[in-house]
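> Build the 3D model from these lines:
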Amino acid sequence: MSLLSKNVVPDMRGRIFTTNAETMDDLAAIKRHLLKLKGVDEISIDHKKFPKELVVRTSKMISVETIQKEVGKLGFDILPKGIFAI
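Residues are numbered from 1 along each chain as shown. Below is the predicted model of the structure:
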């Protein structure tokens, strides 16, 4: 595992994650919860794809594990899909 695969680095492209959350309410709850993390600047949700995708953009390095633990507190899974959004 590399630094890029274990972390979300500050970048305008962000990091893509997939989640098992399905409803807009659940996705909005994940977004609100992640935006409370220091360094998370923006969360974009693509609710038309399956599984649902989120792009996380940060102003500081945040570990993928931290994001997974925070979303896990809400009862959902979130997995990194790629290193950068394109």
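
> mind listing the strands for this structure?
With DSSP state E as the criterion, the chain has strands at 7-8, 15-19, 40-46, 52-58, 62-63, 78-82.

> looking at those strands, which is closest to Ala28?
Set against Ala28 and scored by CB to CB, the strands of the chain come closest in strand 40-46, at 8.0 Å. Heads up, the C-betas are built off the backbone N, CA and C, glycines and all.

> do you know how far Met12 is from Glu42?
10 Å (CB to CB, to the nearest Å).

> Any idea which of the strands of the chain gets closest to Arg32?
For the strands of the chain, the distance to Arg32 is smallest for strand 40-46, at 8.8 Å, taking CB to CB.

> between the closest one and strand 15-19, how many degrees?
50 degrees (axes from the mean of the first three to the mean of the last three CA atoms, to 10 degrees).

> Dump strand 40-46 to PDB, keeping only the CA atoms.
Extracted as PDB, the C-alpha positions of strand 40-46 are listed here (Å, rounded to 0.1, in the frame of the first residue of the first chain):
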ATOM      1  CA  VAL A  40     -12.800  17.700   4.500                       C
ATOM      2  CA  ASP A  41     -13.800  20.600   2.300                       C
ATOM      3  CA  GLU A  42     -16.400  19.200  -0.100                       C
ATOM      4  CA  ILE A  43     -18.300  16.000  -0.800                       C
ATOM      5  CA  SER A  44     -19.900  15.400  -4.200                       C
ATOM      6  CA  ILE A  45     -22.500  12.600  -4.500                       C
ATOM      7  CA  ASP A  46     -23.400  10.800  -7.700                       C
END
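
> and that strand, what does it pack onto?
Counting contacts by 3 or more CB pairs under 8 Å, 6 or more residues apart in numbering; DSSP states H and E, strand 40-46 is packed against helix 24-35, strand 52-58.

> coming back round to it: need the strands of the chain in JSON lines with mean neighbour count and mean pLDDT, can you?
As requested, the strands of the chain are exported to JSON lines (neighbours: other CB atoms under 10 Å; pLDDT from 0 to 100):
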{"stretch": "strand 7-8", "mean neighbour count": "22", "mean pLDDT": "89"}
{"stretch": "strand 15-19", "mean neighbour count": "21", "mean pLDDT": "95"}
{"stretch": "strand 40-46", "mean neighbour count": "16", "mean pLDDT": "95"}
{"stretch": "strand 52-58", "mean neighbour count": "21", "mean pLDDT": "95"}
{"stretch": "strand 62-63", "mean neighbour count": "16", "mean pLDDT": "95"}
{"stretch": "strand 78-82", "mean neighbour count": "17", "mean pLDDT": "88"}
